[in-house]
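> A predicted structure for the sequence below; I have some questions about it.
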Amino acid sequence: MSTVQLTLLHAKYNLIETARIPIALIGSLAFPSLALLFFVVPQRTVADDPAFATQAVISLCVFAVMSNALFSFGLNISEAREKPWDPYLRTLPAPGVARVLAHVFSTGAMGLAAIIPVIVIGGLATAAEAPLGNVLAGFVALAVSGLPFMFIGICIGYSMPSKAAIAVVQVVMFALAFIGGLFLPPFLFADWLNTISMFTPSRQARELVIWAVQGGDLEPWVWLGVLAWTVITFALALLLFRRDEGRRYR
């Protein structure tokens, strides 16, 4: 089998394994929607303004993809490494890139599914609006900008045990959410904080999706940052995968 076929097959069984635990799916789907209901909908100044409401929905969609990626990769991989099934899989003649990309595809599908309730609630309970074509473009931008979060989760999963991964994932997730403008709009930031925010993958993802949905000018630091974070974190994920393989099997 080719690497592509192995990747798709492994991604399929990752999704089947996740579906066997319904509470995992419910948690991924419910948390971002509850955040929108509790923190955005009651604030009518934001919810009744089409531009602000749309950006708030976009920010929580980015948060949904980010949190799902970090938890799914960081925790699932670290826990799998401690079970006997994972060492067996590592002995099979499949390239490491196939397993890494399989995790990306399976978790990415769950992350995109998690934003559908957010979009529905945003459309019904707020003044958020966007043409259908722009919404589809936003999905593509989310898929692209979500790659660094997936690779960061993979790096956490392959670099530490599960007990440590839980704490690290939580710290990384909330730090990126706050500094990336997912909970508070960046125009409320101090100048120094705004400058730091522009170098984070969460801020770059937010700006990329806003540009895809609402239009406007796309600053070079946005797409260059997404590209740089994707390449660097992917290379680091492969390096940590091979280091873990070498440490335990050579």
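Thanks, I have it.
> Geometric centre of the chain: which residue is closest?
Met66 (2.7 Å; C-alpha atoms, centre = their mean).
> Would you mind measuring from that residue to Ala164?
20 Å (C-beta to C-beta, to the nearest Å). All C-beta atoms are positioned from the backbone trio N, CA, C, and that covers glycine.
> For this structure, just list every one of the strands.
With strands called from DSSP state E, the chain shows none.
> follow-up on the earlier one: residues contacting the residue nearest to the centre of the chain?
Met66 is in contact with 146, 149, 173, 176-177, 182, 202, 205, counting by C-beta atoms under 8 Å, 6 or more residues apart in numbering.
> Which one of those is nearest to Leu89?
Phe149 (23.7 Å; C-beta to C-beta).
> What residues does Gln214 make contact with?
51, 54-55, 130, 134.
> Give me the distance between it and Pro131.
Distance from Gln214 to Pro131, by C-beta to C-beta: 10 Å.
> which neighbours do those two share?
With C-beta under 8 Å, 6+ apart, Gln214 and Pro131 have no common neighbours.
> At which residues are the helices of this protein located?
Along the chain, counting by DSSP state H, helices occupy 3-19, 22-39, 44-47, 50-80, 85-91, 96-125, 132-145, 147-159, 162-179, 191-197, 201-214, 220-249.
> Now tabulate these in a markdown table and tack on mean pLDDT.
Output for those, formatted as a markdown table (pLDDT from 0 to 100):
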| stretch | mean pLDDT |
| --- | --- |
| helix 3-19 | 82 |
| helix 22-39 | 75 |
| helix 44-47 | 83 |
| helix 50-80 | 87 |
| helix 85-91 | 74 |
| helix 96-125 | 81 |
| helix 132-145 | 90 |
| helix 147-159 | 90 |
| helix 162-179 | 90 |
| helix 191-197 | 92 |
| helix 201-214 | 94 |
| helix 220-249 | 84 |
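> deepest of the ones you listed, which one?
Burial of the helices of the chain is given as mean neighbour count (mean count of other C-beta atoms under 10 Å); helix 147-159 ranks first at a mean of 26.
> chain center to it: distance?
Relative to its chain's centre, helix 147-159 lies at 10 Å (C-alpha atoms, centre = their mean, to the nearest Å).
> Give the other helices and strands that it contacts.
helix 50-80, helix 96-125, helix 162-179, helix 201-214, helix 220-249 (3 or more C-beta pairs under 8 Å, 6 or more residues apart in numbering; DSSP states H and E).
> got a list of what the residue nearest to Pro161 when sequence neighbours are not counted touches?
Of all residues not flanking Pro161 in the chain, Ser78 sits nearest, at 6.1 Å (C-beta to C-beta, 6 or more residues apart in numbering). Ser78 makes contact with 156-158, 160-162, 164-165 under the criterion C-beta under 8 Å, 6+ apart.
> So Ser78 versus Leu70, what's the distance?
12 Å.
> okay, and the common contacts of those two?
With C-beta under 8 Å, 6+ apart, Ser78 and Leu70 have common neighbours Ile156.
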